[in-house]
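Pasting the sequence and the predicted model now:
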Amino acid sequence: MAKQKRLGEAITVDSNYTIKDFLRSYPITFRHYDNKVCRYRIKGELYDIKDDKVYEAVCNMEISAGYTLVNTLVESEDGTEHVAEMFLVEETPAKISSKEVLSDYRVITTNNIKEWSTK
């Protein structure tokens, strides 16, 4: 990803998502499983990946980890809308009830927007 063009940060237009910290290691984004929980917009990085090998490697890694690739409308920092590919978990995370597995440890929530932080 280091050689791919980073377009900046972007936020989903729809607010039917949530994000959780999985084992305090990496983010998992969900949508639609619970209207009370999945009511946030998600903030993340937006890249223009031109290298087919990099694109295929990222897709293979994420899909083999159980994610689904979906087209999502996002708005970049300059207000431009883009159709972005986003990796989501479509299965109900409620099956995992332990807060040690799914937590808000690195999740920042501001004005109905959630993002995952490495800090």
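Yep, it's here.

now the spatially most central residue of the chain, what's its secondary structure?
The chain has residue 29 as the residue nearest its centroid, 4.7 Å off, counting by C-alpha atoms, centre = their mean. Following DSSP: H, G, I helix; E, B strand; the rest coil, the label given to residue 29 is strand.

Residue 31 and residue 74: what is the separation?
Here the criterion is C-beta to C-beta, to the nearest Å. By it, residue 31 lies 13 Å from residue 74. Where C-beta positions appear, they are placed from N, C-alpha and C, glycine not excepted.

now for the least confident helix or strand in the chain by mean pLDDT, which elements pack on it?
Every helix and strand in the chain was compared by mean pLDDT, DSSP states H and E; the lowest is strand 102-103, with a mean of 86. Under the contact definition 3 or more C-beta pairs under 8 Å, 6 or more residues apart in numbering; DSSP states H and E, strand 102-103 sits against strand 17-22.

so what secondary structure elements neighbour the strand it packs on?
Partner elements for strand 17-22 (3+ C-beta pairs under 8 Å, 6+ apart): strand 26-31, strand 41-48, strand 102-103, strand 107-110, strand 113-116.

Fine by me, thanks again.
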